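>>> what shape does this take:
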Amino acid sequence: NLRSRLKRSKVKVGILRVMSFALLICLAVFTCSSKAQMTKLKVAYPTTVGSMAVVWVAKEAKLFEKHGLEVELIYVAGSSRVVQAMLAKDIPISEIAIPAVIQANIAGADLVMLAGPNHKPGQKIMVKPEIKRREDLKGKKIGITRFGTSDDFLLRYVLGQWGLQPDRDVALIQMGGTQETVAGLASKAIDGGMLSSPLHLQAGKLGFTLLADLSTLGVDYQGAGVVTTRSYLRDAPDTMRRYLRAYVEALHRFKSDKAFAAKVIGKYSRMTEPDALEETYQHYAVKVMPRVPYPTIKGIQMVLDEIGTRTPKAKGLAPESFIDVSYLRELEQSGFIKKL
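Down below sits the predicted model:
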């Protein structure tokens with residue numbers, strides 16, 4: 001009887017081992033299959049300020065993975081360089097503002113914005129303390145990221161409103177990126193710079209003062225949003241639908257989970273000061289970004305009007321021609337956004 005029981009026990013152990021091994025194989029196959037089904041994407045962003053927070057949150061909260069996407073976020077300083085990468089088909093999706101889209105399309109590109117939560121300019125003009133009035137900018141050098149970017153467009157727009165001629169009265173200096181602009185201020189290579197939250201606070205600690213907060217100008221402006229090419233949109237509509245689901249869900253998480261949002265902003269902007277993180281969150285999550293990120297037609301028209309003063313080809317172009325909100329509208333009508 002003892003021998004019999006021992007024999008049966010060995011058989012049971014053997015069966016359990018076989019079953020465990022089979023289960024491990026099944027799990028491995030399932031994991032590999034799941035990874036194989038994930039769509040790989042490269043997504044670029046041009047700056048390390050709070051206007052990029054939605055795409056950062058989507059990455060850190062693993063919302064891309066939730067919707068079947070394996071996204072590699074790539075920092076490329078300056079939206080003009082991002083556009084170059086998109087036209088070379090190195091990057092299919094990016095987070096850039098409408099001026100870059102318009103200028104690229106006027107030159108023959110096929111970029112299109114699908115969502116745009118940034119409806120107000122977030123830039124601030126930080127200057128040396130001796131510059132106290134707009135008129136004091138004459139003969140001064142102001143740092144921007146690159147020509148063709150939001151910094152470039154908005155500074156030219158504001159200077160024009162103040163009766164100052166860009167490049168003649170005020171020199172616009174390409175710095176490469178926002179962190180480089182701060183470095184330029186620190187080294188006194190420039191007299192001022194275009195900076196958004198939270199980097200303008202860093203400039204303040206270097207002794208620079210706020211000359212103008214562009215968000216208080218009372219103008220609509222279409223800042224950063226989801227941009228792709230119409231050719232990619234035709235080739236990968238399901239991927240874009242899943243990307244927008246993750247993006248809209250990230251916008252909700254950004255607006256509703258302040259602690260997580262601040263942690264994410266701190267990671268990507270490399271800022272840890274509580275006042276900087278608080279100011280950035282309040283500006284973008286509370287004041288600027290709507291619940292449903294439809295681009296602002298009025299804000300796009302304002303950009304077209306300004307570009308038209310320098311590029312006649314921009315005159316008469318419809319703001320609707322630079323956006324496609326059908327995917328976002330479809331998402332809203334499905335009840336997905338309401339459930340969030």
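>>> surely residue 155 and residue 166 touch.
Yes: with contacts counted by C-beta atoms under 8 Å, residue 155 reaches residue 166, the gap being 7.0 Å. The C-beta positions use only the backbone N, C-alpha and C, and glycine is treated the same way.
>>> all strands for the stretch 51-200 of the chain, in order.
Secondary structure of the stretch 51-200 of the chain (DSSP state E, counting those that start in this stretch): strands at 69-75, 93-96, 111-115, 124-127, 141-144, 171-174, 192-195.
>>> the fifth one pairs with which strands?
Its sheet considered, strand 141-144 pairs with strand 171-174 (parallel), strand 192-195 (parallel) by DSSP bridges.
>>> now swap in the first one and tell me
Each strand paired with strand 69-75, and its direction, by DSSP bridges: strand 39-45 (parallel).
>>> one step back: of the strands paired with strand 141-144, which approaches residue 131 most closely?
Nearest to residue 131, of all the strands paired with strand 141-144, is strand 192-195, at 6.6 Å by C-beta to C-beta.
>>> residue 126 and residue 195 touch, don't they?
Yes: assessed by C-beta under 8 Å, residue 126 is found in contact with residue 195 at 5.4 Å.
>>> which SS state does residue 204 fall under?
Assigned with DSSP: H, G, I helix; E, B strand; the rest coil, residue 204 falls in the helix class.
>>> before we move on, back to that, and the strands of the stretch 51-200 of the chain: which comes nearest residue 268?
Closest among the strands of the stretch 51-200 of the chain, using C-beta to C-beta: strand 69-75, at 8.4 Å.
>>> what does that closest one rub up against?
The contact list for strand 69-75 (C-beta atoms under 8 Å, 6 or more residues apart in numbering) reads 35, 38-46, 48, 55-56, 58-59, 64, 91, 239, 242-243, 246.
>>> can you check stretch 247-260 too?
So stretch 247-260 is contacted by 53-55, 57-58, 60-61, 63, 66-67, 115, 117, 226, 261, 281, 284-286, 289, 291-293, 328, 331, 336-337, 340 (C-beta under 8 Å, 6+ apart).
>>> if we use 6 Å, what do you get?
Contact with stretch 247-260 is made by 53, 54, 57, 58, 61, 63, 226, 261, 285, 293, 337, 340, as judged by C-beta atoms under 6 Å, 6 or more residues apart in numbering.
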